[in-house]
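S.K.: Sequence first, predicted coordinates after that:
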Amino acid sequence: MKYPGAELDNFDKATIWRKYVFLLIKKFIKGNVLEVGAGIGSFTNNYMHIPSKITLSEIDEDNLSKIKNKFANTNFNFTNNTIKDLNETYDTIMYLNVLEHIADDKNEIVNAYKKLNKGGHLIILVPAHNKLFSKFDEAVGHFKRYEIDFFKKIFIEGSLTKKLLFLDSMGYFLYYLNKIFFSGETYPSKIKILIWDKIFTPISIILDKIFFYRYGKNILYILKKL
């Protein structure tokens, strides 16, 4: 399968954003870890020193080849299987900007939860607010952006919501302005990504906390299996 987007290399430079997300989720990453839709391994670098075992799942052939080369000197496992076709169970399963690419997202969450060990965590990061859906979302194969109620309404017996937060309050403002003034744009330029990451993400880190994580262009959802 081929991934429709061409933005991964550009967003690979968003190092501050990924470190910010990592700081919020690092205590939940442990043991046998599965990262679904690992892309080109941009986020993997942040947590690769923590778990005892890491499996990277990626259905795009080119991206799978890239991460195999990138992490060739590790003991990582690599697979192009989807969650329902994996036989192993995990202590941590992560979908970092991946769920929005999956049409049957509710069943994906249920299937991922089934593959968690007791005490394990399901970590999901998605783009927020469908009113912000843009040509970019369409071009990279997003089925939708998410509202917070989608996660509030999820009920899986024996589960506990550990975190449900909005992130990147400044990014929400910038994304909204970009949609208005650059409506014909599909992919954000490298300079826009760098400005957002290096200048505005540090501001978001402060504002998100001040606003109690009630505003932002992304949603972070963490579910624990009791």
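M.R.: Thanks, I have it.
S.K.: what about the closest residue in space to L207 that isn't next to it in sequence, how many residues close to it?
M.R.: Closest residue to L207 apart from its sequence neighbours, by C-beta to C-beta, 6 or more residues apart in numbering: S169 at 4.6 Å. Where you see a C-beta, it was placed from the backbone N, CA and C, and this is true even at glycine. By the criterion of other C-beta atoms under 10 Å, S169 has 23 neighbours.
S.K.: And D85, by the same measure?
M.R.: Count around D85 with other C-beta under 10 Å applied: 10.
S.K.: which stretches of the protein form strands?
M.R.: Remark: strands assigned in the chain by DSSP state E are 32-36, 53-57, 77-79, 90-96, 116-127, 159-167, 218-225.
S.K.: check contacts around the residue nearest to L96 when sequence neighbours are not counted.
M.R.: Distances taken as C-beta to C-beta, 6+ apart put L125 closest to L96, at 4.7 Å, once the chain neighbours are dropped. Under the criterion of C-beta atoms under 8 Å, 6 or more residues apart in numbering, the contact list for L125 reads 21, 95-97, 167, 218-221.
S.K.: Select the longest helix from this protein.
M.R.: Longest helix in the chain, counting residues (DSSP state H): helix 169-181.
S.K.: any residues touching that helix, and which ones?
M.R.: 128-129, 132, 134, 166, 185, 188, 192, 196, 200-201, 203-204, 207-208, 211, 215-218.
S.K.: tell me, what residue is most central in this protein?
M.R.: Nearest residue to the geometric centre of the chain (C-alpha atoms, centre = their mean): L96, 1.5 Å.
S.K.: can you pull the contacts of it?
M.R.: Neighbouring residues of L96 by C-beta under 8 Å, 6+ apart: 21, 35, 37, 43, 123-125.
S.K.: What's the separation between it and V33?
M.R.: L96 sits 12 Å away from V33, going by C-beta to C-beta, to the nearest Å.
S.K.: Confidence-wise, which helix or strand of this structure is lowest on average?
M.R.: Every helix and strand of the chain was ranked by mean pLDDT, DSSP states H and E. The lowest is helix 8-11, at a mean of 67.
S.K.: beta partners of Y221?
M.R.: Taking DSSP bridges as the rule, Y221 bridges to I124, L164.
S.K.: contacting residues around stretch 39-54?
M.R.: Applying C-beta under 8 Å, 6+ apart, the contact partners of stretch 39-54 are 3, 8-9, 11-12, 14, 18-19, 21-22, 26, 29-33, 35, 38, 56, 58, 60, 63, 66-67, 70-71, 74-77, 91-92, 94, 96.
S.K.: Counting neighbours, which of the residues you listed end up buried?
M.R.: Among the contacts of stretch 39-54, those scoring as buried are 3, 8, 11-12, 14, 18-19, 21-22, 29-30, 32-33, 35, 38, 56, 58, 60, 63, 66-67, 70-71, 76, 91-92, 94, 96 (criterion: 16 or more other C-beta atoms under 10 Å).
S.K.: That'll do, ta.
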